[in-house]
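[1] Here is a sequence with its predicted model. Questions after.
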Amino acid sequence: MRLENEFAEDHVHRDIHLGIPVAEFLHKALRHEEKRLRIKMNLVEDHPELSWLAADSSQLEVYRHTYKWTGKFRQFFDELLRTAADQNEIQLGDMKHGMLRKLKAIGLAYIGFLREELQKYGGEPLQAPPLYRDIDDRIVRLEESFSQKPFDAVSPEELLP
């Protein structure tokens with residue numbers, strides 16, 4: 001769902017910067033999205049009977065393109081984090097509105113995944129409740145970061161199923 005009065009996809013947001021914890025989180029989220037997309041593609045590409053039918057699928061090409069984009073953006077974060085050393089934030093520079101929407105969507109999807117994993121952990125008979133609460137608190141703080149600048153002005157883009 002798009003925000004009321006939201007910018008056009010090609011609107012450029014100037015001088016985007018992120019705190020290191022959010023940048024590290026997004027780096028992990030991009031890795032997770034890469035893995036998710038690769039699994040989806042492999043299910044059909046490696047299928048002995050269906051792969052030839054999907055060879056010229058426009059939808060499979062969308063998955064491939066999105067996978068490549070995600071990998072390139074993750075590599076961009078790799079480099080930014082590698083060179084950040086002891087800085088408190090990284091500079092992303094100018095960024096199109098649509099790109100921020102994708103980042104927000106990937107971050108929020110990863111938060112959803114982490115919550116599912118935490119629920120599984122919480123159901124384990126030997127789990128440690130104080131640790132559960134600490135992890136839950138961190139997830140809440142990460143989620144709150146997506147309602148702050150620069151993500152407060154963007155709605156998440158819909159990700160591929």
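    Done, it's in. Residues are numbered from 1 along each chain as shown.
[2] Now the closest residue to E157 other than its chain neighbours: phi and psi?
    Spatially, and ignoring its direct neighbours in sequence, E157 is nearest to R101 (4.0 Å; C-beta to C-beta, 6 or more residues apart in numbering). For every residue, glycine as well, the C-beta is placed using N, CA and C. With angles defined as degrees, to the nearest 10, R101 shows backbone torsions of phi -60, psi -40.
[3] again with Q91
    In terms of degrees, to the nearest 10, the main-chain angles of Q91 are phi -100, psi 120.
[4] Over to F146?
    The phi/psi pair for F146 (degrees, to the nearest 10) reads phi -90, psi 0.
[5] Same check on the one 3 residues further on?
    Reported as degrees, to the nearest 10, the phi and psi values for K149 are phi -60, psi 140.
[6] Quick check: most distant residue from the centroid of the protein.
    When distances to the mean C-alpha position of the chain are computed (C-alpha atoms, centre = their mean), the maximum falls on E49, with 32.0 Å.
[7] how many neighbours does Y67 have?
    When neighbours are defined as other C-beta atoms under 10 Å, Y67 has 19 of them.
[8] any idea how far the closest residue to it other than its chain neighbours is from T70?
    In this structure, Y67 finds its nearest non-sequential neighbour in L37, 4.3 Å apart by C-beta to C-beta, 6+ apart. With distances taken as C-beta to C-beta, to the nearest Å, L37 is found 6 Å from T70.
[9] rewinding a little: what about the residue farthest from the centre of the chain, which helix or strand?
    Taking DSSP states H and E as the definition, E49 sits outside all helices and strands.
[10] mind checking the SS state of the residue nearest the centre of the chain?
    The centroid of the chain falls nearest to I106 when counting by C-alpha atoms, centre = their mean (2.4 Å). When classified by DSSP: H, G, I helix; E, B strand; the rest coil, I106 comes out as helix.
[11] Tell me which stretches of the chain form strands.
    Under the criterion DSSP state E, the chain contains strands at 12-19, 89-96.
[12] Quickly run through the sheet partners of the first one, with directions.
    This points to strand 12-19. Paired strands of strand 12-19, with direction, are strand 89-96 (antiparallel) (DSSP bridges).
[13] pull the CA atoms of the strand it pairs with into PDB?
    Presented in PDB, the C-alpha positions along strand 89-96 are these (Å, rounded to 0.1, in the frame of the first residue of the first chain):
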ATOM      1  CA  GLU A  89      27.100   5.600   9.600                       C
ATOM      2  CA  ILE A  90      27.400   4.900   5.900                       C
ATOM      3  CA  GLN A  91      26.700   7.300   3.100                       C
ATOM      4  CA  LEU A  92      24.500   5.800   0.400                       C
ATOM      5  CA  GLY A  93      24.400   9.100  -1.500                       C
ATOM      6  CA  ASP A  94      21.500  10.100  -3.700                       C
ATOM      7  CA  MET A  95      18.900   7.300  -4.200                       C
ATOM      8  CA  LYS A  96      15.700   7.000  -6.200                       C
END
